[in-house]
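Visitor: I need the structure of the sequence given here:
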Amino acid sequence: MGTMEAPVAIRRLDTDREDVFAFDVVGHINASDVENIYGLLEGAYAIHDQIDMLVRIKDYDGVEWDAALKDFNLLGKTHALKHIRLYAVVGGPAWVGPMIAVFNPFFRVKMKHFDETEEEAAWKWIGAREIPIKV
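Guide: The predicted structure follows:
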């Protein structure tokens with residue numbers, strides 16, 4: 001019997017603006033998920049000098065902190081923060097909002113946390129809309 005791969009925890013969402021990158025983060029985030037998001041963002045920075053981001057967190061089940069912190073160095077190497085204007089986070093565990101409030105003053109990026117019931121306000125804040133996938 002073959003091994004089952006874990007489902008992808010990070011999925012890109014289509015938006016109505018080319019310079020807005022939005023993602024669903026669902027469940028447990030592993031090393032390959034972290035690498036995937038950095039790769040997607042590196043591609044975005046190659047095309048757009050400045051982008052806005054929205055991350056929608058659902059059913060959060062933890063993160064492989066070793067991978068996330070190791071790849072945090074990659075974040076610095078890519079100078080990601082100079083490319084992001086607005087960064088909206090929707091939902092997530094209880095610690096996300098306070099963490100953003102603590103770190104927000106130290107970055108040029110304007111970060112804001114929205115409760116999962118405030119998703120519409122988050123999209124409005126970054127000035128974009130999600131384009132639903134046609135099935």
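
Visitor: next, count neighbours for Glu116.
Guide: By the criterion of other C-beta atoms under 10 Å, Glu116 has 12 neighbours. C-beta coordinates here come from the backbone N, C-alpha and C atoms, glycine included.

Visitor: quick one: secondary structure of the most centrally placed residue in the chain?
Guide: The chain has Val55 as the residue nearest its centroid, 3.9 Å off, counting by C-alpha atoms, centre = their mean. Three-state call for Val55 (DSSP: H, G, I helix; E, B strand; the rest coil): strand.

Visitor: contact partners for it?
Guide: Ala22, Phe23, Val25, Tyr87, Ala88, Val89, Val90 (C-beta atoms under 8 Å, 6 or more residues apart in numbering).

Visitor: who's it bridged to?
Guide: Per DSSP bridges, the residues bridged to Val55 are Phe23, Val89.

Visitor: what of Arg11?
Guide: Bridge pairing for Arg11 - DSSP bridges - gives Asp24.

Visitor: could you give the average pLDDT over the host helix or strand of Ala101?
Guide: Assigned by DSSP states H and E, Ala101 belongs to helix 96-103. For helix 96-103, the per-residue pLDDT values average out at 90.

Visitor: what helices or strands is it leaning on?
Guide: Packing contacts for helix 96-103, counted by 3 or more C-beta pairs under 8 Å, 6 or more residues apart in numbering; DSSP states H and E, involve strand 110-114.

Visitor: the strand it packs on: what's the following helix or strand?
Guide: Using DSSP H and E, the helix or strand that directly follows strand 110-114 along the chain is helix 119-126.

Visitor: buried subset of the contacts of Val55 as a PyMOL selection?
Guide: Applied in PyMOL, the following selects the buried portion of the contacts of Val55 according to 16 or more other C-beta atoms under 10 Å:
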select buried, resi 22+23+25+87+88+89+90
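
Visitor: okay, who's weakest in the contacts of Val55 by pLDDT?
Guide: Within the contacts of Val55, pLDDT is lowest for Val25, at 90.

Visitor: close enough to count as contact, it and Arg12?
Guide: No - Val25 sits out of contact with Arg12 when judged by C-beta atoms under 8 Å, with a separation of 10.9 Å.
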